[in-house]
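# Got a predicted structure here, sequence first:
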Number of protein chains: 2
Amino acid sequence: MLKSGIQIGRVSEQTGLSVDAIRFYEKQRLLEHLPRTEGGFRLFDTQDIQRIQFIRRAQRLGFSLPEIRELLVLQRDEGEVCTHVRDLLRAKITTIRGRIQELGTLEEQLAKKLRKCERKLRASGDSHKRRCPVLEEIADRGSDEN
Amino acid sequence: MLKSGIQIGRVSEQTGLSVDAIRFYEKQRLLEHLPRTEGGFRLFDTQDIQRIQFIRRAQRLGFSLPEIRELLVLQRDEGEVCTHVRDLLRAKITTIRGRIQELGTLEEQLAKKLRKCERKLRASGDSHKRRCPVLEEIADRGSDEN
DNA sequence: CTTGACTCTGGAGTCGACTCCAGAATGTAT
DNA sequence: ATACATTCTGGAGTCGACTCCAGAGTCAAG
């Protein structure tokens, strides 16, 4: 390993993504021009890792890989600027604000339910500590990870 | 049409979802016990439409269909309450707050870029109104197969 | 009662985002 | 030099969320 950089297995450990997923991102041009060793092993640096984490976060926020590629390009500090880029940035920001708003609404709704729920729990005895029909209904499938 | 309610085609128009997608949601138990006409046509009411719009919004916000089913159950105003439901609500709210935060960070980043971009645009002439290499890079998807 | 638009079911196909090989080459430790 | 883990490429398979039939039934209008 003459050139410096860490290889894909370590990146996988550090980001929690599978090796295959990382290679897949490269194929999708979300990671660019990764240098290689003589033998062809990919080499990553800390920037790449941040990039990968950014991709992960953006995915959780509901962006598709093509959209994320856009975001990555916009984020990059290239000297290139033009009205198109400005317009794209504005559009993205608007989208994001919209999502924040929607999440806020959703949070409100659930918070209201939560308060109601807590009130009821305090009011009643503890008969509810066993068996919950709602739970069964929810559960029936894998569980929810996150 | 003796029973009241609108049928799937209208719902499709009003929500922007395809007829198939709506049927798919029913199969996934996101829409429940829809009444039928004698002949077997599904009948929807305004609540169902709101439910469908809720599903759409939640999807844009990065929730999977199983997660949305959970949200729908939690949202429902059933008398059933218990500590498990409370805990689920709390967990969901935490998740949502996290996402709002992340979106906020992302917005910040893009807003910063936007300001920088606008400054540059004002400073320079209008040579940038033509040809933008960044744009090409972003766009390239419309053509060949993959 | 026929027409034509709409809906039904079941199943196959598509697309995005991976995951899982197989077989070969690379890198490292002894 | 040998062994063993790691990586490579290309391609097939999986899963979620639909989309697209085909063939049959439904329903309002004429």
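Structure's in. What do you need?
# Just the mean pLDDT for stretch A:24-33, thanks.
The pLDDT scores in stretch A:24-33 average 96.
# Touching it from outside, list them.
A:Ile22, A:Leu34, A:Arg42, A:Asp48, A:Arg51, A:Ile52, A:Ile55, A:Leu65, A:Ile68, A:Arg69, A:Leu72 (Cβ atoms under 8 Å, 6 or more residues apart in numbering or on different chains). For the C-beta atoms, the positions are set from N, CA and C on the backbone; glycine is no exception.
# dump the residue contacts of the first one.
What that stands for is A:Ile22. Contacts of A:Ile22 (Cβ under 8 Å, 6+ apart): A:Ile8, A:Val11, A:Ser12, A:Thr15, A:Leu31, A:Ile52.
# So which residues on chain A come close to DNA strand C?
Proximity of chain A to DNA strand C is confined to A:1, A:17-18, A:20-21, A:24-25, A:28, A:37-41, A:59, A:64-66 under the rule Cβ under 7 Å from any atom of the strand.
# one more time with 10 Å
A:1-3, A:7, A:12, A:17-25, A:27-28, A:30, A:36-41, A:43, A:55-56, A:58-59, A:62-69 (Cβ under 10 Å from any atom of the strand).
# In helices only, show me the residues you listed.
A:12, A:19-25, A:27, A:55-56, A:58-59, A:65-69 (DSSP state H).
# Narrow the residues you listed to just the buried residues.
Neighbour counting by 16 or more other Cβ atoms under 10 Å in any protein chain shown classes A:Ser12, A:Ile22, A:Tyr25, A:Ile55, A:Ala58, A:Ile68, A:Arg69 among those as buried.
# Between all of the residues you listed, which two are separated the most?
Greatest spatial distance among those (Cβ to Cβ): A:Ser12 and A:Arg69, at 21.0 Å.
# Nearest to chain B: which residue in chain A?
Residue of chain A nearest chain B, by Cβ to the nearest Cβ: A:Gly62 (3.6 Å).
# how much space is there between the nearest residue to that residue once chain neighbours are set aside and A:Thr37?
What sits nearest to A:Gly62 in space, not counting adjacent residues and going by Cβ to Cβ, 6 or more residues apart in numbering or on different chains, is B:Gly62, at 3.6 Å. According to Cβ to Cβ, to the nearest Å, B:Gly62 stands 37 Å off from A:Thr37.
# Looking at the two, which one has more neighbours?
Higher neighbour count among B:Gly62 and A:Thr37: B:Gly62, with 18 against 13, using other Cβ atoms under 10 Å in any protein chain shown.
# If I look at the more buried one, what pLDDT would I see?
92.
# Show me what residue of chain A gets nearest to DNA strand C.
Nearest to DNA strand C, among the residues of chain A, is A:Gly39, at 2.0 Å (Cβ to the nearest atom of the strand).
# for chain A, what are the low-confidence residue spans?
A:1-3, A:77-81, A:125-146 (pLDDT under 70).
# ok, and does the helix ranked longest in it reach over to DNA strand D?
Secondary structure of chain A per DSSP H: the longest helix is helix A:83-123. No. Helix A:83-123 does not reach DNA strand D (Cβ under 10 Å from any atom of the strand); its nearest approach is 16.3 Å.
# so what does that helix touch, helix or strand wise?
helix A:65-75, helix B:46-60, helix B:65-75, helix B:83-123, helix B:133-139 (3 or more Cβ pairs under 8 Å, 6 or more residues apart in numbering or on different chains; DSSP states H and E).
# Of all these, which one is nearest A:Leu110?
Minimum separation from A:Leu110 across the helices and strands packed on helix A:83-123 (Cβ to Cβ) falls at helix B:83-123, 5.2 Å.
# I appreciate the help and will end here.
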